[in-house]
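K.L.:
Show me the folded form of this:
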Amino acid sequence: MSLTERCLQIIADTARIPSFSSFEERLHPYVLALAEQIPGCEITTVAQRNLLLYVPGQRPGLLALTAHLDKIDHFGPDGPAELPFLRTKTEIQGQMDNTVGIGIILSLLEQAPNRAWPGLLVLLSEMEEGTGLREHPERMRNGGAGLTSGMGAERLARHLIEEAQLPDAVITVDTTPLFRGKPGCALYAGHWEFTKTVPSPLETQGTQSLTDRLLALDPELYLGNNTNDYLTYGKVLNEETGPETAIPSVALEPAIFPYHQRNERVYIADIERLLALLEAYLSQHEPFAS
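P.N.:
Sure thing, here's the model as predicted:
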């Protein structure tokens with residue numbers, strides 16, 4: 001099976017599971033069963049609903065790939081036990097936000113033991129979405145009490161700090177609405193525009209270096225910005241480790257349309273494009289010079 005086909009299989013499987021915000025553990029059995037088949041994969045559960053997977057590398061460095069586990073609940077209390085998914089010749093359709101990101105990074109993780117790649121951390125977070133908290137908290141665990149958007153990424157980032165397991169960089173894979181129905185892939189690389197933080201010179205340098213490396217591999221990436229977990233990883237990992245330990249945080253995102261609705265569509269060609277980009281990048285990643 002090709003990497004693209006394996007990725008699409010994982011997306012289809014995870015898209016059908018109603019792992020709505022605050023009920024992310026519904027996806028855990030699938031992810032854990034997959035991870036347990038990867039030689040050398042270490043599995044850590046962080047604060048009950050977040051997962052951290054680690055595979056040692058065969059070249060220097062440590063790279064974190066991230067995606068969020070939660071889906072927006074567009075279905076309500078009478079929703080189906082299995083969510084709809086459809087694949088056509090050119091698109092996949094269903095709850096693609098963010099099963100596309102999950103499929104991309106897990107299919108790459110499966111490849112890691114047999115590739116000359118750096119060590120890989122896969123961070124799978126709870127509560128990236130804020131829509132449920134704003135629009136229907138009654139559908140969420142404990143009526144939404146104690147929940148905040150981005151809390152999973154924050155917990156995972158702090159876990160990495162506490163365990164001294166800091167990556168060279170963080171690449172979040174999510175989906176972007178910026179193309180408004182057309183195909184395309186975006187690169188976000190300025191978390192401080194939303195987090196209102198001031199990047200250190202070292203973080204600015206590292207982020208630009210990572211951006212340049214990705215653009216060298218795919219010059220047609222659209223440079224944009226939007227909100228998702230990459231903001232939280234960038235803010236927490238850099239604010240709480242000090243200016244001498246800068247960790248670039250960026251996001252790579254295929255186009256999605258419609259956005260934050262039922263039956264979201266993503267182009268298969270965009271998924272294949274990001275898989276090829278990340279596969280190439282992992283083959284040449286080196287830690288950033290300080």
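K.L.:
Name the nearest residue to T45, sequence neighbours excluded.
P.N.:
L51 (6.1 Å; C-beta to C-beta, 6 or more residues apart in numbering). (C-beta placed from N, C-alpha, C; glycine too.)
K.L.:
Check which helices and strands the helix or strand that contains that neighbour sits against.
P.N.:
Element membership for L51 (DSSP states H and E) is strand 50-55. Packing partners of strand 50-55 (3 or more C-beta pairs under 8 Å, 6 or more residues apart in numbering; DSSP states H and E): helix 28-35, strand 42-46, strand 119-125, helix 151-162.
K.L.:
just the strands in the protein please.
P.N.:
42-46, 50-55, 62-68, 85-87, 91-94, 119-125, 169-173, 185-188, 222-224, 249-254, 264-267 (DSSP state E).
K.L.:
In JSON lines: the ones you listed, plus mean neighbour count and distance to E286.
P.N.:
Rendered in JSON lines, the data for these read as follows (neighbours: other C-beta atoms under 10 Å; distance: least, C-beta to C-beta, whole Å):
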{"stretch": "strand 42-46", "mean neighbour count": "15", "distance to E286": "23"}
{"stretch": "strand 50-55", "mean neighbour count": "23", "distance to E286": "18"}
{"stretch": "strand 62-68", "mean neighbour count": "25", "distance to E286": "10"}
{"stretch": "strand 85-87", "mean neighbour count": "14", "distance to E286": "37"}
{"stretch": "strand 91-94", "mean neighbour count": "20", "distance to E286": "34"}
{"stretch": "strand 119-125", "mean neighbour count": "26", "distance to E286": "13"}
{"stretch": "strand 169-173", "mean neighbour count": "27", "distance to E286": "11"}
{"stretch": "strand 185-188", "mean neighbour count": "23", "distance to E286": "19"}
{"stretch": "strand 222-224", "mean neighbour count": "14", "distance to E286": "23"}
{"stretch": "strand 249-254", "mean neighbour count": "27", "distance to E286": "16"}
{"stretch": "strand 264-267", "mean neighbour count": "21", "distance to E286": "31"}
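K.L.:
Dump the ones you listed into CSV; add mean pLDDT and distance to A157 as well.
P.N.:
Output for these, formatted as CSV (pLDDT from 0 to 100; distance: least, C-beta to C-beta, whole Å):
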stretch, mean pLDDT, distance to A157
strand 42-46, 98, 10
strand 50-55, 98, 10
strand 62-68, 98, 9
strand 85-87, 98, 31
strand 91-94, 98, 29
strand 119-125, 98, 8
strand 169-173, 98, 8
strand 185-188, 98, 17
strand 222-224, 98, 23
strand 249-254, 98, 9
strand 264-267, 98, 27
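K.L.:
For T232, find the nearest of the helices and strands packed on strand 50-55.
P.N.:
Among the helices and strands packed on strand 50-55, helix 151-162 comes nearest to T232, with 3.8 Å by C-beta to C-beta.
K.L.:
Give me the mean pLDDT for the closest one.
P.N.:
Across helix 151-162, pLDDT averages out at 98.
K.L.:
now swap in stretch 23-32 and tell me
P.N.:
Rounded mean pLDDT across stretch 23-32 is 98.
K.L.:
Same question for stretch 236-247.
P.N.:
In this model, stretch 236-247 carries a mean pLDDT of 89.
K.L.:
First-to-last residue distance for that stretch?
P.N.:
10 Å (C-alpha to C-alpha, to the nearest Å).
K.L.:
most distant residue from the middle of the protein?
P.N.:
No residue in the chain has its C-alpha farther from the mean C-alpha position than D78, which lies at 28.8 Å (C-alpha atoms, centre = their mean).
K.L.:
gap between it and T148?
P.N.:
Using C-beta to C-beta, to the nearest Å, D78 is found at 27 Å from T148.
K.L.:
What of S125?
P.N.:
Taken as C-beta to C-beta, the span from S125 to T148 is 12 Å.
K.L.:
what does S19 give?
P.N.:
18 Å.
K.L.:
okay, those two: which has more neighbours?
P.N.:
S19 (27 against 11; other C-beta atoms under 10 Å).
K.L.:
so the more buried one sits right up against A67, yeah?
P.N.:
No: counting by C-beta atoms under 8 Å, S19 does not reach A67; the two are 11.9 Å apart.
K.L.:
quick one: contacts for the closest residue to T197 other than its chain neighbours?
P.N.:
Leaving aside its sequence neighbours, T197 sits nearest to K235 (C-beta to C-beta, 6+ apart; 5.6 Å). The contact partners of K235, by C-beta atoms under 8 Å, 6 or more residues apart in numbering, come to 191, 195, 197.
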